[in-house]
Every structure is written in C-alpha cells, then in structure tokens.
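Asker: Sequence and predicted structure are below.
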Amino acid sequence: MSSIAESYKAIPMNLNHIIPLDFNGVHEIPESHEWTISTEHPIVDPVTCDSLPLIDLSDPNALSLIRKACEEWGAFQVINHGIPLNLFEEVELQTRRLFSLPTHQKLTILRSPDSITGYGMPHIQTFFPKLMWSEGFQLIGYPMEYASQLWPQEPDQQTNFCDVMEKYQKEMKAFTEKLFEMLLGSLGLTLEDIHWFKPTTDGSNNHQNVLTLNSYPVCPDPNRTMGLAPHTDTSLITVLHQSGSTGLQVLKDGSGWVPVVPVSGALVVNLGDLMEVLTNGLFKSIMHRAVANMTNHRVSVAFFFGPPRDVEIAPLVKLTDEDHPALYCPLTWKEFLQTKAKHFDKALEVLRNKGAKDNLD
Ligand SMILES: C=C1C[C@]23C[C@H]1CC[C@H]2[C@@]12CCC[C@@](C)(C(=O)O1)[C@H]2[C@@H]3C(=O)O
Ligand SMILES: O=C(O)CCC(=O)C(=O)O
Ligand SMILES: [Fe+2]
C-alpha cells in the first residue's frame, strides 16, 4: 500500500523551488520573479467572448449542460452545490490568517523536498526558470501538526484553523463524490461501471484528496509576473473556491486565456488529467493559470479529488471499442504524480505512447 503522500520521495524538489519570496514591502519585481509572458494565446474578454459556463446544479438539464461544458471546456462553474456559504467565509478567513503571519513563522512549516504537504511554492515551480508570485499550503486531513507550529501560543486558533479545514474537506469530499457521479451520468454511465468507486458510508472511505490554500500577494506589476504558471491538474476533479478578486484564467481552444470572473458563492470545477485518462480522452483536462493583482491579496482554495490509493485508473471499458481503443496505459495517482514530476506537460503524451507503465521513464 502506498499513498500519494509518498509521491515525491523518488524525485525530491530543490529548496530554491520551495521557499517563497518574503513579499512584505516588495515594491519592485526582483529579476528572479520577472517573467516574459508568452503572447501565443491572447487574453480574451469574458464579457464579449465566450465565458466559462455557469451551471445551476438544480437545473433539470444539469447533466447535459455538464457534458457540453466538459467536452467544450474541461471546466465550468456551479451554483446550488449545497455547501453552506458561510463555510467559504470561514475558510477564507483562516487562509488569510495563515498567509498574513510573519515569514519566519510560515517557514516553520516549510514543505520538505520530498513531501506533498506543508508551506511553499507550487510543486510545478521546478519546471520554470523564473519564480512564481505566490505561496501555498497543502494539507491532508486534520492539520494539527502544522497549526501548532504556526500559532504556538494560541491553542484556540490552532483548533479553529483545523476544525474549519476539516469541515471544508468533509463537505468537499461529499460534493466531489456526487459531482463525479454526475459527470459519469452525463456520459450515460453509473458508479456501477467503476469497479473501484466506494461512496462514503460512515464518513470515511479510501479516496485520496488534498486541500491546497493558495495566496497571491499584492503585486506591483502583475503583467511581468506569474501567480501560478499554466498547468493542468493531475486529479480526477478539482473544485476551486476563489475569493472575490479575479486571477484565474482558463485556456479555451481557438480563443485564448479566458478570465474566470468570480461569481459569489460559486465553485469552479476543473477536470484533471486522470479524468482524461478515465474517459479515454472524451473529456480533456483544462489548462489554467492564475495571476496576481495590484490591489488585493488574492487567495483561493483548491480541493483535489483523486482515486483511492493503489487503484489503477484506466480508460473505462464502456467508452472503448474496436474503433476507440484505450489511449492511455493504466496507473495509480501516485504513479501519475511521479510521471508528471518528470515530464510535466508531456505526461499524458507519455502515457499515450507507452503501452505499459513499466516504460514511463
Ligand atoms: C495532489 C497534488 C496535486 C498537486 C500536486 C499534489 C499536491 C499539490 C497540488 C498542486 C497545488 C498547486 C498547483 C499544482 C499544479 C501544484 O504544483 O501543486 C497542483 C498539483 C497537481 O494538480 O498536479
Ligand atoms: O488560484 C487559482 O485560481 C488557481 C489555483 C490552481 O490552479 C490550483 O491550485 O491548482
Ligand atoms: Fe490548478
């Protein structure tokens, strides 16, 4: 048995790619953080051009709207998701409490080079020559070992932080399982078609999930920096809550970068690479990035929903036939994270070209 927490043991990160800048009082962009932003894809106006579909989950047509959004975009926003709105406020408050701590305090929970959880720059930093204008904190479960370091003198704050994060993960777990069922339903499939899916019964199952708190400090010149570089998520589904300020952009084929304007109370759903594998490419994972801004400290919270440990994800049998052979070789989330840590944006291509996972190197 091995969990995703062990994914980076074989490919530890370099500390220079983990320790974020101390953004306090930085009025000029240091050379280390100065990006030349590719103009290959223009930024499009989400008002006059296409904007990311917004789906009301209580709409009787929700399934067909979901299918269309998944085929055309690989992402959508949802309302009427059933998550109590005050929970978003509580999570945002706790997220801001964490990131507004003095740098030396945050560094006490620095992610170790071979770990998935802790404080630091995004894991994908390794693949870019310039550093990102962001910091993040990854957690799994009840994060007391971190909270006790962050607020050593404040036991109440420790429990508040952990309780809110735990509650949010529980809500997200139930929601992503329901959403996953809807995505399958939109393809005419049911959970019965997924031999490994075991819905939560007693409040637990062995699905692997990670919560990430993202912080994009105020930036003197956002056009010359990158908050979070373009990437696809490795998960099956990612559910993102962005606080009031814009910053997320999704890449739409044939158009360009489409800003995702925050809708109060809405959640952004991104399809990850494992969903592309599972649907044999019928649904594609979505390329996205995030930018900082000059006026607000932007925060966002991402819940990565993945398969249980040791379960190999492969194209669904019902979605393959003689004319549609399986395009990807089966592998676990941990194996895919390792493939991604080596090949980054070429990882899915690698899966397509190698018949068996023994050849992933
Ligand atoms: C379970 C996951 C999902 C990870 C890796 C690992 C822990 C942290 C996640 C993120 C969070 C920030 C963006 C991302 C692209 C990153 O660099 O780290 C994500 C990545 C992925 O989706 O691959
Ligand atoms: O902050 C955002 O809007 C995007 C975050 C994201 O893409 C991620 O955490 O994977
Ligand atoms: Fe992402």
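Answerer: Right, received. Where do you want to start? Ligands and ions are numbered 1, 2, ... in the order given.
Asker: going forward, measure contacts and count neighbours with C-alpha atoms only.
Answerer: Noted.
Asker: before we move on, what SS does the residue in the stretch 151-300 of the chain positioned nearest to ligand 1 have?
Answerer: Closest approach of the stretch 151-300 of the chain to ligand 1 (C-alpha to the nearest ligand atom) occurs at residue 233, with a separation of 3.3 Å. Assigned with DSSP: H, G, I helix; E, B strand; the rest coil, residue 233 falls in the coil class.
Asker: And for it, the neighbour number?
Answerer: Neighbouring residues of residue 233 were enumerated by other C-alpha atoms under 10 Å; the total is 21.
Asker: Same question for residue 339.
Answerer: Counted with other C-alpha under 10 Å, the burial measure for residue 339 works out to 21 neighbours.
Asker: Check residue 341 too.
Answerer: 21.
Asker: What helix or strand is it located in?
Answerer: helix 333-343 (DSSP states H and E).
Asker: Now do the same contact list for whichever residue of the chain sits closest to ligand 2.
Answerer: With C-alpha to the nearest ligand atom as the measure, the residue in the chain that lies nearest ligand 2 is residue 248; the distance is 4.1 Å. Neighbour list for residue 248: 259, 260, 261, 288, 289, 290, 291 [criterion: C-alpha atoms under 8 Å, 6 or more residues apart in numbering].
Asker: residues from the chain in reach of ligand 2?
Answerer: Contacts of the chain with ligand 2, taken as C-alpha under 6 Å from any ligand atom, map to 214, 233, 242, 247, 248, 289, 290, 300, 302.
Asker: from these, which single one is nearest residue 40?
Answerer: residue 289 (14.3 Å; C-alpha to C-alpha).
Asker: separation between the residue lying closest to the residue of the chain closest to ligand 2 once chain neighbours are set aside and residue 193?
Answerer: Ranked by C-alpha to C-alpha, 6 or more residues apart in numbering and with sequence neighbours excluded, the top spatial neighbour of residue 248 is residue 290, at 4.4 Å. Between residue 290 and residue 193 the computed distance is 35 Å (C-alpha to C-alpha, to the nearest Å).
Asker: Ok, residue 247 next?
Answerer: 37 Å.
Asker: re the thing from before, in strands, which of the contacts of residue 248 appear?
Answerer: Using DSSP state E, the members of the contacts of residue 248 that fall within strands are 259, 288, 289, 290.
Asker: Do you have the strands of the stretch 201-350 of the chain handy? List them.
Answerer: Counting by DSSP state E, counting those that start in this stretch, residue ranges of the strands within the stretch 201-350 of the chain are 207-216, 228-231, 237-242, 248-252, 256-259, 267-271, 288-290, 298-308.
Asker: Could I get the ones you listed in TSV, plus columns for distance to residue 60 and mean pLDDT?
Answerer: TSV is the format used below for the strands of the stretch 201-350 of the chain (distance: least, C-alpha to C-alpha, whole Å; pLDDT from 0 to 100):
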stretch	distance to residue 60	mean pLDDT
strand 207-216	29	95
strand 228-231	33	98
strand 237-242	22	98
strand 248-252	26	97
strand 256-259	27	96
strand 267-271	19	98
strand 288-290	29	98
strand 298-308	25	97
